[in-house]
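In: Mind looking at a prediction? Sequence and model below.
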2 protein chains.
Amino acid sequence: MDFGAGSDVPTISADESALLSQRYGPLAQAVRELIDATIRTEADDTTIREVTTAVRQMTGRLRAGILSDSPGMRYVVNGRPLAWGNAVIGLRNPIAPPLVIHHGENGHCWSDFHLGAAYEGPPSLVHGGVSALVLDHLLGEAASDGLTKPLFTGTITVKYLRGTPLGPLRAEASVYRRERIKTYARGHISDAAGITVEAEGVFIMPAWARDGLD
Amino acid sequence: MDFGAGSDVPTISADESALLSQRYGPLAQAVRELIDATIRTEADDTTIREVTTAVRQMTGRLRAGILSDSPGMRYVVNGRPLAWGNAVIGLRNPIAPPLVIHHGENGHCWSDFHLGAAYEGPPSLVHGGVSALVLDHLLGEAASDGLTKPLFTGTITVKYLRGTPLGPLRAEASVYRRERIKTYARGHISDAAGITVEAEGVFIMPAWARDGLD
């Protein structure tokens, strides 16, 4: 994972960001609910066929104009990239739960979130790989101080203590060691009964960002 | 990750499975395309508002009848669970690419797949956590001989060699060691230029499945 917005990303104001969120956020949220219904519905064949046709029409309308390759980190707000398209935190990405990440001191960060049927592996449990996805992201946020520093993931190790139930969850991460070009972070996911999955990882500063380090 | 269908999952024929795929597959595929368009559209406000309203109506139609908690591993076909809702391979889960996994000898498995804008982390690259999600699943498939053995993931380590580009990719995994209750698997993701991410993991047989082992 390569964090850091890069110098070519324009900065916008918090007000502009809020306007763009109001423009695009509700559609992505509506699609998240459609995803859940698509997985869980037991509607009859006719309904499913008609909804499928309608969904294709909606896709056609959204595709009628210009399509960006990806919304990527298109803007920076308050020093952090918006990361609209991101698979974990992207406001515009219906695949992202999305996680809203809070930042404390020295890279410590946390998020309270809910995972529904779309994130299932074994019956009623979160897919182990989804836990890895969430923890990769949280550790990266911690190591990069909220995506403000350029870093890529070197290695991440994820240890499963027990199954993680679908429903309300918390993830946390923090930095426990910094060297010249390496930052070490660890974190976990927990439910109401305690920790279910732990992770630790090392994040590496890319060569182009090492100028000025002695 | 807990693999294995359990004894209460009914077996259906390949013909029945094909009928159910025809019933539910096109809707999930249409929603996958809607997800991509939702992320990438630059349509005007009016279009986005109208599409949002229409999407909510479609969700309402799908939710009008009975909703299952999750489609889970509802049926077994040819000895393997259908895993319709699964976040990586689920036919009915629009979040799943979905991966179609091929099985060879002794747990070896592979999949050719395509990751689009919905799986993005850094601009034009796959989110590192999505690579972890895919590899967690592939290693689990290898260790469990295609989800036919009950196993849960103990630990998985993912090593990032370079950024993985969005687009056509391949993932492979195989078992390299089996002990009494532990199975060790490793695998990788590659693009046309070679391997981008490697993983290894240990998978553990749950206590209830150890009867008969000496």
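Out: Everything's here; your move.

In: which residues touch residue A:182?
Out: Going by C-beta atoms under 8 Å, 6 or more residues apart in numbering or on different chains, residue A:182 touches A:154, A:202, A:203, A:204, A:205. To be clear about C-beta, it is placed using only N, CA and C from the backbone, and glycine gets the same treatment.

In: Would you map the helices across chain A?
Out: Here chain A has its helices, by DSSP state H, at A:14-40, A:45-63, A:128-143.

In: Report all helices and strands that the second one contacts.
Out: When you say that, I think you mean helix A:45-63. helix B:14-40, helix B:45-63 (3 or more C-beta pairs under 8 Å, 6 or more residues apart in numbering or on different chains; DSSP states H and E).

In: Those helices: which one's closest to residue A:10?
Out: Nearest to residue A:10 among those is helix B:14-40 (18.9 Å), distances taken as C-beta to C-beta.

In: and that closest one, which residues are buried?
Out: For helix B:14-40, burial by neighbour count (16 or more other C-beta atoms under 10 Å in any protein chain shown) applies to B:17, B:20-21, B:24-40.

In: which residues of chain A score low on pLDDT?
Out: Across chain A, the ranges flagged by pLDDT under 70 are A:1-9, A:69-74, A:212-214.

In: Who are the contact partners of the residue most central in space within chain A?
Out: Geometric centre of chain A, nearest residue: residue A:88, 1.4 Å, by C-alpha atoms, centre = their mean. Applying C-beta under 8 Å, 6+ apart to residue A:88 gives the contacts A:96, A:97, A:98, A:99, A:133, A:134, A:137, B:121, B:127, B:129.

In: Just list the residues touching the closest residue to residue A:25 other than its chain neighbours, thanks.
Out: Nearest non-adjacent residue to residue A:25, counting by C-beta to C-beta, 6 or more residues apart in numbering or on different chains: residue A:91, 5.4 Å away. Neighbour list for residue A:91: A:21, A:24, A:25, A:28, A:82, A:84, A:98 [criterion: C-beta under 8 Å, 6+ apart].

In: with those in mind, which one is nearest to chain B?
Out: Among the contacts of residue A:91, residue A:28 lies closest to chain B (C-beta to the nearest C-beta), at 5.6 Å.

In: Distance of that closest one relative to residue A:89?
Out: 12 Å (C-beta to C-beta, to the nearest Å).

In: For residue A:63, see how far away the residue sitting furthest away from the middle of chain A is.
Out: Using C-alpha atoms, centre = their mean, the residue of chain A lying farthest from its centre is residue A:46. It sits 35.4 Å away. Residue A:46 sits 26 Å away from residue A:63 when distances are taken as C-beta to C-beta.

In: repeat for residue A:207
Out: Residue A:207 is 39 Å from residue A:63, where distance means C-beta to C-beta.

In: Residue A:201 touches residue A:151, doesn't it?
Out: No. With contacts counted by C-beta atoms under 8 Å, residue A:201 stays clear of residue A:151, the gap being 10.4 Å.

In: shared neighbours of the two, anything?
Out: By C-beta under 8 Å, 6+ apart, residue A:201 and residue A:151 have these common neighbours: A:140, A:143.

In: Now do the buried residues in stretch A:87-107.
Out: Across stretch A:87-107, burial judged by 16+ other C-beta under 10 Å covers A:87-99, A:101, A:103, A:107.
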